[in-house]
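S.K.: Attaching a predicted model along with its sequence, questions to come.
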Amino acid sequence: MHPIIEAVTDRIRARSKASRARYLKQIDAARGKTVKRAHLSCGNLAHGFAACSATEKDALAGSTLPNLGIVSAYNDMLSAHQPLKDYPEIIKEAVSGHATAQFAGGVPAMCDGITQGQTGMELSLFSRDVIAMATAVSLSHDMFDAALMLGVCDKIVPGLLIGALSFGHLPTVFVPAGPMPSGLPNAEKSRIRQLYAEGKVGRKELLAAESASYHAPGTCTFYGTANSNQMLMELMGLHMPGAAFVNPGTPLRAALTAAAAKRVAAATALGNDYRPIGEIVDEKALVNAIVGLVATGGSTNHTIHLIAVAAAAGVRLNWQDISDISAVVPLLCRIYPNGQADVNHFQAAGGFGFLVRQLLSAGLLHRDVKTLVGDDLGAYAQEPYLEGDQLRWREAPAQSLDRDVLRAADDPFAPDGGIRVLEGNLGQSIIKVSAVKPAHRVIEAPAMVFASQGDVQKAFKEGKLHKDVVVVVKGQGPRANGMPELHQLTPALGVLLDLGYKVALITDGRMSGASGKVPAAIHLSPEAVADGPIARIRDGDIIRLDAENNQLTVKADDFAARKGEIPDVTDYQAGCGRELFAGFRALVGGAENGAASFGWDAIV
């Protein structure tokens, strides 16, 4: 193992000793030696299988066959989740005669692509916690010996995982839908977006480009949070090997879904290969997830989600752990927005199996981990294929088939993963520099302070930002308004950068996996409504963002003595369901603690 990876793992384990022990004790107490439904009364059980067939009732009345709980994010509005419609029947047929399976419950699945720049985006991060709770409600009937989680996108997979970990005694497999086929090339999509931001094309042209990009069932093909989710589930051993990026509606996709059902049915406490999710998601698995995240240039949202997931498993993870790992893990992928390729190109170039093979050979991943399929992460250096109608696995390619997309560990795009923690008199923030050119990673310029991304766009259209500038958007943290993504700033700020101006963004909000070539200090904590230092920034203050030396500083002698101008968040309190989330805003922890509403700040 690389010594830094080993050292970070050891310090996480030491830091988490007490909380992890409590968690493992909790899931051990929940483990049964017979089917979970055996403790239910006759009335309980009758309610649990009232709608089943006679054959299923006979099986569920017995005490030998496991029962699988299916939790799904299916809806037919979102392309990523529409393919999940047929999964329950595939699962039930796959385990027929060996287990039963019931649709335990559905969880909400909202799309950040639809809500970008809209009021609904203020519910997005909190939807993760709602999904976690909905998952727990689904499994709370205690009828199940294992679980299948059907979901793909941004907050859905982290929410499903947090909820599943609250039932950590259950073996659990995550079952993805796969990416849609490639559409409009990413370079062309970005070009049209910038032209629209400059007023050189209209809404008709923009909509045509967006529709040609997002055009079919399946996950969006850029490497944002959704596809980062799939990468992390594989590296944590919660997928069938190679399941992440197989297109929906294909025989291989259906075969992998059936195989996932059979595998999790074989991993229950009733057999001799018990693999509960709470034991799989441990310190080593979480470090492997971080390694994969930074090696692929994955979404900055996971600097929040991974900390919340870790806390759900009793592990105390922090931003410095992520930053230290990122400093020694090379960047092996160029997938949009860090390059022009999409995840289908990544898959064709060698895909996940090649990536795992490279990271293992470089000593950057823990091989000796418990996964759903075994005790060696090397199983995930394989790729699935069909031989006739039989699902098989073979070794992933030994060489990248496209070095513009995917590279070996000794021939990286960059020597580090690009996610860094910035510190200084503004607190702590996250920056991802994998798509930022070295010439743009250090900027010193006057601040312009805004209260919303709409105000920034207005100033851009009026020409007020056409200069060297550090754009500060405050009042966008979790307590203020749910910490929305500010993705709509990317085209305008990108135009300014292309015009030759020195430009950076500072915010207590998020930018997500879509953050790109403009240096952006995001997740700034403490946030403005908590009287964080960002509330003291004034127009004209000189700010230095130095991503090479991990510093973010306001150069003003009186800065520490100033009184903060706390943003007025009244307009964020109601409408579009926001009034229902007042409790979340009151309870939510800081971004550095996972921005969770579960009172975990004391744990993490």
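M.R.: That came in fine, so what should we check first?

S.K.: For the stretch 151-300 of the chain, just list every one of the helices.
M.R.: 156-165, 186-197, 203-213, 225-235, 251-265, 277-280, 283-295 (DSSP state H, counting those that start in this stretch).

S.K.: what angle separates the first one from helix 225-235?
M.R.: What that stands for is helix 156-165. 40 degrees (axes from the mean of the first three to the mean of the last three Cα atoms, to 10 degrees).

S.K.: Then Glu444 would be within a helix, right?
M.R.: No - counting by DSSP: H, G, I helix; E, B strand; the rest coil, Glu444 is not part of a helix but strand.

S.K.: ok now do it, which residues does it touch?
M.R.: With contacts defined as Cβ atoms under 8 Å, 6 or more residues apart in numbering, Glu444 is in contact with Lys502, Ile542, Ile543, Arg544, Leu545, Lys555. Where you see a C-beta, it was placed from the backbone N, CA and C, and this is true even at glycine.

S.K.: Likewise for Asp498?
M.R.: So Asp498 contacts Gln194 (Cβ under 8 Å, 6+ apart).

S.K.: hang on, the earlier thing: how about the helices of the stretch 151-300 of the chain, which one is nearest Leu524?
M.R.: Judged by Cβ to Cβ, the one of those that comes nearest to Leu524 is helix 225-235, at 19.2 Å.

S.K.: From the contact counts, what lies against the closest one?
M.R.: helix 156-165, helix 283-295, helix 302-312, helix 351-361 (3 or more Cβ pairs under 8 Å, 6 or more residues apart in numbering; DSSP states H and E).

S.K.: and the angle from that helix to helix 351-361?
M.R.: Helix 225-235 runs at 50 degrees relative to helix 351-361, counting by the same axes, to 10 degrees.

S.K.: Give the rounded mean pLDDT of helix 225-235.
M.R.: Here helix 225-235 scores 95 as its mean pLDDT.

S.K.: Dump that helix to CSV, restricted to CA.
M.R.: Once non-C-alpha atoms are left out, helix 225-235 reads as follows in CSV (Å, rounded to 0.1, in the frame of the first residue of the first chain):
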residue,chain,number,x,y,z
THR,A,225,-22.6,13.1,-9.3
ALA,A,226,-24.8,10.4,-10.8
ASN,A,227,-22.0,8.6,-12.6
SER,A,228,-19.7,9.3,-9.7
ASN,A,229,-22.2,7.5,-7.5
GLN,A,230,-21.9,4.4,-9.7
MET,A,231,-18.1,4.5,-9.6
LEU,A,232,-18.2,4.6,-5.8
MET,A,233,-20.7,1.8,-5.4
GLU,A,234,-18.4,-0.5,-7.3
LEU,A,235,-15.3,0.6,-5.4
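
S.K.: picking up where we left off before, adding distance to Val343 and mean neighbour count, write the helices of the stretch 151-300 of the chain out as JSON lines.
M.R.: Below are these laid out as JSON lines (distance: least, Cβ to Cβ, whole Å; neighbours: other Cβ atoms under 10 Å):
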{"stretch": "helix 156-165", "distance to Val343": "15", "mean neighbour count": "28"}
{"stretch": "helix 186-197", "distance to Val343": "11", "mean neighbour count": "18"}
{"stretch": "helix 203-213", "distance to Val343": "13", "mean neighbour count": "14"}
{"stretch": "helix 225-235", "distance to Val343": "5", "mean neighbour count": "28"}
{"stretch": "helix 251-265", "distance to Val343": "14", "mean neighbour count": "22"}
{"stretch": "helix 277-280", "distance to Val343": "24", "mean neighbour count": "24"}
{"stretch": "helix 283-295", "distance to Val343": "14", "mean neighbour count": "26"}
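
S.K.: Tell me which of these lies nearest to Asp404.
M.R.: Nearest to Asp404, of the helices of the stretch 151-300 of the chain and by Cβ to Cβ, is helix 186-197 at 12.5 Å.

S.K.: ok, now which ones touch Asp541?
M.R.: Asp541 is in contact with Pro446, Ala447, Val554, Lys555, Ala556, Phe559, counting by Cβ under 8 Å, 6+ apart.

S.K.: Compare those residues and tell me which is most surrounded.
M.R.: In terms of neighbours by other Cβ atoms under 10 Å, these top out with Val554 at 23 neighbours.

S.K.: So what pairs up with it in the strands?
M.R.: Beta bridges link Val554 to Ile543, judged by DSSP bridges.

S.K.: Next, work out how far apart it and Arg37 are.
M.R.: Separation of Val554 from Arg37 (Cβ to Cβ, to the nearest Å) stands at 60 Å.

S.K.: go on, Gly564?
M.R.: Relative to Arg37, and taking Cβ to Cβ, Gly564 is found at 55 Å.

S.K.: Let me have the helices and strands packed on helix 225-235 in TSV, adding distance to Thr225 and mean pLDDT as columns.
M.R.: Output for those, formatted as TSV (distance: least, Cβ to Cβ, whole Å; pLDDT from 0 to 100):
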stretch	distance to Thr225	mean pLDDT
helix 156-165	9	98
helix 283-295	11	98
helix 302-312	7	96
helix 351-361	17	97
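
S.K.: The least confident helix or strand in the chain by mean pLDDT to helix 203-213, inter-axis angle?
M.R.: Scoring the helices and strands of the chain by mean pLDDT, DSSP states H and E places helix 186-197 at the bottom, with a mean of 84. If you take the same axes, to 10 degrees, helix 186-197 sits at 160 degrees to helix 203-213.
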